[in-house]
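**Student:** Test case, fold it:
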Amino acid sequence: MSKRVAIIGAGIVGLHTAIAFRIKGWEVYLMDKESYTGHHTSTRNSGVVHAGIYYKEDSLKEKLCLRGNPLTLEWLKLLNVDHKSCGKWIIPGMNQNQSDLLAFYEKIKTLPLKGLRYVDPDQLKIEEPALKRTAALFVPATAVMDTAAYIRALSRFAENEGVNLLLNCELTEVKDDLIVTSRGPLEADLFINSTGLMAAKVAQLVGVTGYEVRPCRGDYYLLPVSPVSKPVYHPPSQSGSLGLGIHLTPATDGTLLLGPNAFFIDNPEDYAHKSPQEAFVETLRDHLPEANPDSLVPAYSGNRPKLTYQGQPLADFTFIKDKNWIHLLGIESPGLTSAPVIGSYILGMV
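**Tutor:** Numbering: from 1, shown residues only. Sure thing, here's the model as predicted:
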């Protein structure tokens, strides 16, 4: 008789983990309290397949993102999901200069990135005329995708593979080899906590303490037509900021996303768009001098699970095996890109 795994949380990581276990012959139950998959962090982001350049050397984020990048592209092709392999520009942010860009170039040159190049202002003007005049780095291993379509297609794939998908199914109680849900009890040999913003609270239910996930809001604004062909990012800030700053992402539908910003909130399920336009307008004017800021409209919001342990921030993915539970904590960006590898990584922990 095959072993049974119950995975709580049907976001992109939960789906890929379910598929990995199912392919290895496990009986898989994937549950989520929402009425559809990927309702939270998985679909409320920039929709970028990342290259793995922003993370601490040898961290799980770096290693899993570098391995997940080509695998994610394979999945997008397999599932016929709308995406564009376009690469990305990295330019100095508003409080940065060329020395920040060159320092970052030296760091990422050590990574296995094909086609990485430094572009002088004249060449950038030829390749991306709408951008401000500046030097830039070009990172080829980047794509943009329709994340909602990816989630829908992956959900269908999982069910076709034999994953039992239980929606509107909320965890209410934990007992040894049994969980109690709003749809009844469920026994399993292994439980996987892939609940994202709620992962620390679920871990606490089974005695894994000291961890806290703080919701970090990111709001987006939208320009109806994108003047750039590729995402535009910045070198990492040295100021200890919560994110990479407001960046530009040309979406697959031809619009341009500006965001996200980053600030802590209390309610992980609060998605009310509350950010004023000022910082977004400032970024737009700095990066795209000819763009009309009057065309900016509010888009959507997402919350990132920022992890702490005993009050201290943890910057990396954190996977904890405790008895018959595995907890996935702090799965923020690049979780979308890393998801196909996280699934097999978790399988290797069993």
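**Student:** Phi first, then psi, for Ala153.
**Tutor:** As for Ala153, its main-chain torsions (degrees, to the nearest 10) stand at phi -70, psi -40.
**Student:** May I ask you to confirm that it is in contact with Lys77?
**Tutor:** No: assessed by Cβ atoms under 8 Å, Ala153 is found out of contact with Lys77, at 11.1 Å. C-beta here means a position set from N, CA and C on the backbone, and glycine is covered the same way.
**Student:** between those two, who's got more neighbours?
**Tutor:** For Ala153 versus Lys77, the count of surrounding residues by other Cβ atoms under 10 Å is larger for Ala153: 17 against 11.
**Student:** Contact partners for the more buried one?
**Tutor:** 79-81 (Cβ atoms under 8 Å, 6 or more residues apart in numbering).
**Student:** List the buried residues of stretch 220-235.
**Tutor:** By neighbour count with 16 or more other Cβ atoms under 10 Å, stretch 220-235 contains the buried residues 220-223, 226-228, 230-235.
**Student:** cool, and stretch 121-131?
**Tutor:** 124, 128, 131.
**Student:** residue contacts, Val350?
**Tutor:** Going by Cβ under 8 Å, 6+ apart, the list of residues near Val350 reads 190, 326.
**Student:** Run a quick neighbour tally on Leu78.
**Tutor:** Around Leu78 there are 11 other residues, counting by other Cβ under 10 Å.
**Student:** Got the confidence number for it?
**Tutor:** Leu78 carries a pLDDT score of 98 in this model.
**Student:** Please report the distance of it from Ser155.
**Tutor:** With the distance defined as Cβ to Cβ, to the nearest Å, Leu78 ends up 14 Å from Ser155.
**Student:** residues making contact with stretch 285-293?
**Tutor:** With Cβ under 8 Å, 6+ apart as the contact definition, stretch 285-293 has outside contacts at 91, 94, 130-132, 223, 227-228, 232, 248, 277, 281, 284.
**Student:** Going along the chain, name the helices of the stretch 51-200 of the chain.
**Tutor:** When assigned using DSSP state H, counting those that start in this stretch, the helices of the stretch 51-200 of the chain occupy the ranges 60-78, 98-108, 121-127, 147-160, 199-205.
**Student:** can I get these in CSV with distance to Asp316?
**Tutor:** Compiled in CSV, the helices of the stretch 51-200 of the chain are given as follows (distance: least, Cβ to Cβ, whole Å):
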stretch, distance to Asp316
helix 60-78, 5
helix 98-108, 17
helix 121-127, 33
helix 147-160, 23
helix 199-205, 14
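**Student:** List just the one of these that sits closest to Ala272.
**Tutor:** Of all these, helix 147-160 sits nearest to Ala272, with 19.8 Å by Cβ to Cβ.
**Student:** May I have that closest one as PDB, with CA atoms only?
**Tutor:** Taking C-alpha atoms only, helix 147-160 is exported to PDB below (Å, rounded to 0.1, in the frame of the first residue of the first chain):
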ATOM      1  CA  THR A 147       0.700  33.600 -13.100                       C
ATOM      2  CA  ALA A 148      -3.100  33.000 -12.800                       C
ATOM      3  CA  ALA A 149      -3.000  30.900 -15.900                       C
ATOM      4  CA  TYR A 150       0.000  28.900 -14.600                       C
ATOM      5  CA  ILE A 151      -1.800  28.100 -11.300                       C
ATOM      6  CA  ARG A 152      -5.000  27.000 -13.200                       C
ATOM      7  CA  ALA A 153      -3.100  24.800 -15.600                       C
ATOM      8  CA  LEU A 154      -0.900  23.300 -12.900                       C
ATOM      9  CA  SER A 155      -4.000  22.500 -10.800                       C
ATOM     10  CA  ARG A 156      -5.500  20.600 -13.800                       C
ATOM     11  CA  PHE A 157      -2.300  18.800 -14.300                       C
ATOM     12  CA  ALA A 158      -2.100  17.800 -10.600                       C
ATOM     13  CA  GLU A 159      -5.600  16.400 -10.700                       C
ATOM     14  CA  ASN A 160      -5.000  14.500 -13.900                       C
END
